[in-house]
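1. Structure for the following, please:
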Amino acid sequence: MAVAGPPLQDLPSFPTLPKKRMPAGRPREWYESHNRRLKAMRLAIALLNSGVYRPEQAPNRKIRSTAARIGVHPPSATTCRMVRSLLHTDQTSPADHTERTGPARPRSTRR
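-> Numbering: from 1, shown residues only. Below is the predicted model of the structure:
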């Protein structure tokens, strides 16, 4: 029996954009892929919030358990691959992306 991970932290709520209707007249495959991308983004954000930053930290089982925690239907193997591709980084840790502290020094134009 798998043990549930720590619950997701309460995130600050931000105003969301109003929902718009989907454009009519597209093929069914377009709607399916669009919804798959939205689901993958939601899952990737939830994984990032829970401390998963790299694709190798996110097997299908972890992605599916995260989906259950946030109230999303279990993703397919294709959606799990898409989530991992969204987590793909340039091999730097999150600590490497911190902003420089203090004001930037202006460069002198004199030599």
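2. Residue 52 - nearest residue in space that isn't next to it in sequence?
-> Take residue 52 and drop its neighbours on the chain: the residue closest to it by Cβ to Cβ, 6 or more residues apart in numbering is residue 58, 5.2 Å away. Yep, even glycine has a C-beta here, placed from its N, CA and C like the rest.
3. for that neighbour, what are its contacts?
-> For residue 58, the contacting residues are 47, 52, 80, 83-84, 87, by Cβ atoms under 8 Å, 6 or more residues apart in numbering.
4. Return the distance of it relative to residue 18.
-> As judged by Cβ to Cβ, to the nearest Å, residue 58 and residue 18 stand 31 Å apart.
5. before we move on, the earlier item: closest to residue 35 among the contacts of residue 58?
-> residue 83 (14.0 Å; Cβ to Cβ).
6. so the closest one, which of the three states?
-> When classified by DSSP: H, G, I helix; E, B strand; the rest coil, residue 83 comes out as helix.
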